[in-house]
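J.: Quick check, what structure comes out for this input:
(chains A and B)
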There are 2 protein chains.
Amino acid sequence: MKKTGEKVSNAVIRRLPRYYRQLTELRLRGVVRISSGALAKDMGLTASQIRQDLFCFGGFGQQGYGYNVEKLREEIGAILGINRGNTAIILGVGNLGHALIQNFKFGNNGFSVTAAFDVDDSLVGTKIGAVQIYHVDELEEYLRTYRVDVGVLTVPRVFAAEMAQKLADGGVKGIWNFANVELKLNAPDVIVENVHFSDSLLALSYMIGEPVYDEENK
Amino acid sequence: MKKTGEKVSNAVIRRLPRYYRQLTELRLRGVVRISSGALAKDMGLTASQIRQDLFCFGGFGQQGYGYNVEKLREEIGAILGINRGNTAIILGVGNLGHALIQNFKFGNNGFSVTAAFDVDDSLVGTKIGAVQIYHVDELEEYLRTYRVDVGVLTVPRVFAAEMAQKLADGGVKGIWNFANVELKLNAPDVIVENVHFSDSLLALSYMIGEPVYDEENK
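T.: Predicted coordinates:
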């Protein structure tokens, strides 16, 4: 679907999930089709940016008709890998790991959580929903046995590097890193996606301290 | 400190917390000074990008010496508002709200959490650490009484819009939004910083499905 040989920029990759989210909202509201202009307005983008982004993946729009919401959502979902049957395991079942297992809709994003791991003996052997909690010592064996696409790293930061390397050595393709530490893996093919709460809060801190529209406010 | 009249781009704003994080790491490791080249390498940026970014705020480097880690960290911290004595309240003490209160180092980012709010009567009146949990009905009164800079929105998504508007009406400057919904506030001056777990996971999903370096792999 992607035009061969073209490398999709990080900015486009970051917008794709937002399109998917917006189109899901529109579908819920019963919207059947939408112009690039209206979609742009909803998302704080420009129509030409949207057309350009989607053009990277082969178009989808029809001149004068706009986009079919359901179809575009499906196509973008497919590009994002929603139908790939991705599997994930959770490393570290503290509050955050627990919150993700219990509340985060992995399924809506095409992932199923197949197992969780912790060192706490009072957790090992129990379940959260359908997710079984294993001891971390069983991780390597688990990774040898089952296909795991993504490891979700919610361990305390002191264990992050070691656990991440185990995930990489065990063959995961990606690590979703909540451990608030930069991972330097000895595994060039493993993609690390960081969720840095601190960076987000500090950006907010900066923005609330600055006049937002320097020029317009005058 | 910022040069007057210049608007700092979102990309620079997003890099500032990363600099701060990296410099904190360096300081912990006892590094006293660092060249823009070495800092760039650690962060996957270019030296000229770093020099440019910091130039937005008035320089800091010294030709041939590099940056003083401690001093640069302090300066960037000040730009980010670390010393501003920011206050935050938590709306919604489910797993995620609980995880943030218990595990997230607000203090390291210049914030103190002054209260939390929930509708669950079994939580109201209890504390997590030093943080008192109030009933949501007390929110408006609380906001009239105390200065609150940021509201952290960890309520279920169906309550997100209503709670966000209450925060905005109560005079918060920013909303840190974990509710996985786009907020459309009737309050142009309130900054919303979204933490969209889904967007992050879907970006990762995309990246693990694509060859990372199209060109180099050939």
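J.: Could you find the closest non-adjacent residue to A:Tyr20?
T.: In space, not counting the residues next to it along the chain, A:Tyr20 is nearest to A:Ile76; the distance is 4.9 Å by C-beta to C-beta, 6 or more residues apart in numbering or on different chains. Just so you know, the C-beta spots here come from the backbone N, C-alpha and C atoms, and that holds for glycine as well.
J.: no no, A:Phe104
T.: Closest residue to A:Phe104 in three dimensions, ignoring its sequence neighbours and counting by C-beta to C-beta, 6+ apart: B:Phe197, at 5.9 Å.
J.: give me the number of residues near that neighbour?
T.: Counted with other C-beta atoms under 10 Å in any protein chain shown, the neighbours of B:Phe197 add up to 20.
J.: I'd say it and B:Asn180 touch.
T.: Yes: with contact defined as C-beta atoms under 8 Å, B:Phe197 reaches B:Asn180; the gap is 6.8 Å.
J.: Tell me the secondary structure at A:Glu138.
T.: The three-state assignment at A:Glu138 reads helix, by DSSP: H, G, I helix; E, B strand; the rest coil.
J.: Looks like it contacts A:Phe117 (just checking).
T.: Yes: with the criterion set as C-beta under 8 Å, A:Glu138 and A:Phe117 qualify as a contacting pair; they are 7.1 Å apart.
J.: Can you give the contact residues for stretch A:126-142?
T.: For stretch A:126-142, the external contacting residues (C-beta atoms under 8 Å, 6 or more residues apart in numbering or on different chains) are A:89-91, A:93, A:98, A:101-102, A:113-119, A:121, A:123-125, A:148, A:163, A:166-167, A:169-170.
J.: Find the nearest non-adjacent residue to A:Gly151, please.
T.: For A:Gly151, the nearest residue in space outside its immediate sequence neighbours is A:Leu167; the separation is 3.7 Å by C-beta to C-beta, 6+ apart.
J.: now swap in A:Ile101 and tell me
T.: Counting by C-beta to C-beta, 6+ apart, A:Ile128 is the residue found nearest to A:Ile101 once chain neighbours are left out, at 4.6 Å.
J.: try A:Met207
T.: Looking at A:Met207 with C-beta to C-beta, 6+ apart, the closest residue is B:Ile191, at 4.6 Å.
J.: Quick check: that neighbour touching A:Leu204?
T.: Yes: when contacts are counted by C-beta under 8 Å, B:Ile191 is listed as touching A:Leu204 (6.3 Å).
J.: Now the common contact residues for those two.
T.: Listed as contacting both B:Ile191 and A:Leu204 by C-beta under 8 Å, 6+ apart are B:Gly174.
J.: Among these two, which residue is more densely surrounded?
T.: Between B:Ile191 and A:Leu204, counted using other C-beta under 10 Å, the more crowded position is A:Leu204 (31 against 21).
J.: isn't the more buried one right up against B:Gly174?
T.: Yes: using C-beta under 8 Å, A:Leu204 is in contact with B:Gly174, at 4.9 Å.
J.: any common contacting residues for these two?
T.: Each of B:Val150, B:Ile191, B:Glu193 lies in contact with both A:Leu204 and B:Gly174 under the rule C-beta under 8 Å, 6+ apart.
J.: check contacts around the first one.
T.: Contacts were defined as C-beta under 8 Å, 6+ apart; by that measure B:Val150 touches A:201, A:204-205, A:208, B:86-89, B:111, B:172-176.
J.: Pop out the phi and psi values for it.
T.: Taking degrees, to the nearest 10, you get phi -130, psi 130 for the backbone angles of B:Val150.
J.: same deal with the one 10 residues further on?
T.: In this entry, B:Ala160 is assigned phi and psi values of phi -60, psi -50 (degrees, to the nearest 10).
J.: again, but for A:Leu45
T.: Per-residue torsions, A:Leu45: phi -120, psi -180 (degrees, to the nearest 10).
J.: quick one: buried residues of stretch A:20-31?
T.: Within stretch A:20-31, the residues scored as buried using 16 or more other C-beta atoms under 10 Å in any protein chain shown are A:Tyr20, A:Arg21, A:Gln22, A:Leu23, A:Thr24, A:Leu26.
J.: Off-centre distance for that stretch?
T.: Computed by C-alpha atoms, centre = their mean, to the nearest Å, the chain-centroid distance of stretch A:20-31 equals 18 Å.
J.: Give me the longest strand you can find in chain A.
T.: In chain A, ranked by residue count with DSSP state E as the criterion, the top strand is strand A:111-118.
J.: What are the buried residues along it?
T.: The neighbour-count criterion (16+ other C-beta under 10 Å) identifies A:Phe111, A:Val113, A:Thr114, A:Ala115, A:Ala116, A:Phe117, A:Asp118 as the buried residues of strand A:111-118.
J.: and A:Asn186, how many residues sit next to it?
T.: For A:Asn186, the count of nearby residues is 9 (other C-beta under 10 Å).
J.: ok, now which ones touch the closest residue to it other than its chain neighbours?
T.: In space, A:Asn186 comes closest to A:Gln165 once its chain neighbours are excluded; the distance is 6.6 Å by C-beta to C-beta, 6+ apart. If a contact means C-beta under 8 Å, 6+ apart, then A:Gln165 has A:Leu185, A:Asn186, A:Ala187 as its contacts.
J.: what are the ranges of the strands in chain A?
T.: Listed in chain order (using DSSP E), the strands of chain A are A:33-34, A:67-68, A:86-91, A:111-118, A:127-128, A:131-135, A:150-153, A:174-177, A:191-194.
J.: what's the average pLDDT for whichever helix in chain A runs longest?
T.: As assigned by DSSP state H, the longest helix anywhere in chain A is helix A:10-28. The average of the pLDDT scores along helix A:10-28 is 91.
J.: relative to helix B:10-28, how tilted is that helix?
T.: Taking axes from the mean of the first three to the mean of the last three C-alpha atoms, to 10 degrees, one finds helix A:10-28 and helix B:10-28 inclined to each other by 120 degrees.
J.: Without its sequence neighbours, what residue ends up closest to A:Leu185?
T.: Taking C-beta to C-beta, 6+ apart, and ignoring the residues beside it in sequence, A:Leu185 has A:Ala168 as its nearest neighbour in space, at 5.1 Å.
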